[in-house]
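A.B. asks: sequence unknown, structure follows:
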């Protein structure tokens, strides 16, 4: 009897709560493997959500994935609990999102780095190859040895896309340059293995590389560390990572995941939600390179001019950066 | 050029083998005394976290190292309490320690630093940096010997050298001291040791504590030497590879060194050579990365020859009344 009473009051509470939040956004965000504080991809989505909270005073719920098996569970749980929108960052969530979004047609979902073709899903993808091209230009100009490196996280087409754009940028600037490419691994653990990342960077430095770009999430912390230790330059990714080793990080390839997360939440809040595919490139300020007081001394006027030229070229269409994922191959190597 | 690559590979192997070697010798002390320890992984992880945390807070890698050793020894005592005093199952106690360390490091790390279970980035004196040996520039000019001295012998951090020195030290302690003789005896025939009037319990506790000490150094090396800070699950199975190396080495110190160097070398090769081709056949990256694990399976399947563990291993000693 007592149990039934409790149940009834809980139900009333839940109903009351959902009535209050009916018009307000009630966002939830799911972080991918690698963790919320990877100083990179996930941290960018966390910052976007924080910005939303700071501006609207609406708190968000969050979940950090620990294993692949949790993807569907986490999505379904948030959708069941009435959260709207549910934002997920990471290509690995595509299939889970396809299943769950179909079950909850009234919930708005957003996926970053993936594409799900459902009427209630917004898919945000970035032209990482364009941003990587820009840092490739900078890398080629900053390199004294004519050898630069790339360390990727998990060996997937998305990361090859980073690598391919980077190589194109390097080669366009210095056709004689040599680029070493390494991938950390082929499982999710490759996003969070700084020891291995550092070792990969060291092996590239020993082969002569003096600028190393990473697209490896938490693994990249080790890459930047190894580069800084050896007096070489690192290039950060996703978030602005210049501050990690001031003066030792040439620049960072910015990928404005924070904007994508913020926009998704804000659009639900203001009633401007739209589904479908959104492509964020250099032209949309979705990707770019980072310039701040930590790397101001590393970027010469000449480099600045070259990279701005490249940027203008990409926007105008004079420079076409090949997208690895379009045909699973890279013309440059 | 080829010599350069070989030297780089060997240098890399040495760095990667160091945590394995320390953990392997830690297991050697414990198992020679008859206490199986599959909690090497957990002890290393706990030490890596504590070392990273204390080095970040104090700014001194040495304080981090001491804290890491302390944390590891506390877990070792726990293992001792469960398996020596309370005569519990040693394997279960080891598994429990692994889980405990995995959960606690993430939990404490999150509450302490609010960085998702990581510790802050270490810099400067918070880390063990490479030590340049004297006259590297001068000797580096000599062909062959120069590069070997400059890049292989010199330039590692102090814990690497410490790990290498631990090998002869272990051999000496185990095979040339009274303590070592008794330690090996309690692993083979504790009854005889007890009859001789030596405390089996005290001997085994000593072994377990030495194991904790070495695991502590291994863990501290991971977070303050090899990388700059702790991240969740950073041991990544090294404790288990160390166990495999221990069996491969048949519980002897010098073979343990070679076994660990071999595992380190395979990992270094996996890192260095991605996508090599033999003739027209492209070797997949995944294969190179799986090499150490494949080797582990091959070795454990018996290709390493017959490995006989200490006879009293895994059994708690019960004094007859």
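C.D. replies: Now that the structure is in, tell me what you want to look at. Here the structure is a predicted model, which means the values were calculated and not measured.

A.B. asks: count of residues packed around residue B:96?
C.D. replies: Burial of residue B:96 is recorded as 18 neighbouring residues (other Cβ atoms under 10 Å in any protein chain shown). Glycine gets a C-beta too; all of them are placed from N, C-alpha and C.

A.B. asks: Please apply the same query to residue B:150.
C.D. replies: 22.

A.B. asks: Which stretches in the stretch 201-333 of chain A count as strands?
C.D. replies: For the stretch 201-333 of chain A, applying DSSP state E, counting those that start in this stretch gives strands covering A:211-215, A:233-238, A:249-255, A:276-280, A:287-289.

A.B. asks: And the average pLDDT for the first one is what?
C.D. replies: Across strand A:211-215, the average pLDDT comes to 95.

A.B. asks: Any idea which of the strands of the stretch 201-333 of chain A gets closest to residue A:35?
C.D. replies: Of all the strands of the stretch 201-333 of chain A, it is strand A:233-238 that lies closest to residue A:35, at 13.4 Å by Cβ to Cβ.

A.B. asks: The stretch 1-150 of chain B against chain A: which residues are in contact?
C.D. replies: Proximity of the stretch 1-150 of chain B to chain A (Cβ under 8 Å from any Cβ of the partner chain) is limited to residues B:4, B:8, B:12, B:15, B:16, B:115, B:116, B:117, B:118, B:121, B:129, B:130.

A.B. asks: so where does the fourth one fall, helix or strand?
C.D. replies: If I follow you right, that is residue B:15. If you go by DSSP states H and E, residue B:15 is part of helix B:2-32.

A.B. asks: If you count neighbours, what's buried in that helix?
C.D. replies: Using 16 or more other Cβ atoms under 10 Å in any protein chain shown as the test for burial, helix B:2-32 gives B:7-32.

A.B. asks: which residues touch residue B:259?
C.D. replies: Contacts for residue B:259 were tallied using Cβ atoms under 8 Å, 6 or more residues apart in numbering or on different chains; they are B:24, B:245, B:246, B:248, B:249.

A.B. asks: who wins for neighbours among those?
C.D. replies: When neighbours are counted by other Cβ under 10 Å, residue B:24 leads these with 36 neighbours.

A.B. asks: Not counting residues beside it along the chain, what's closest to that residue?
C.D. replies: Leaving aside its sequence neighbours, residue B:24 sits nearest to residue B:242 (Cβ to Cβ, 6 or more residues apart in numbering or on different chains; 4.3 Å).

A.B. asks: if I read this right, that neighbour contacts residue B:20, doesn't it?
C.D. replies: Yes - applying Cβ atoms under 8 Å as the test, residue B:242 and residue B:20 come out as touching, 4.9 Å apart.

A.B. asks: which residues of chain B score low on pLDDT?
C.D. replies: Regions of chain B meeting the criterion pLDDT under 70 cover residues B:1, B:116, B:274-281, B:302-305, B:321.

A.B. asks: what about 90?
C.D. replies: Applying pLDDT under 90 to chain B flags the ranges B:1-12, B:59, B:106-107, B:109-157, B:225-237, B:241, B:244, B:247-250, B:266-321.
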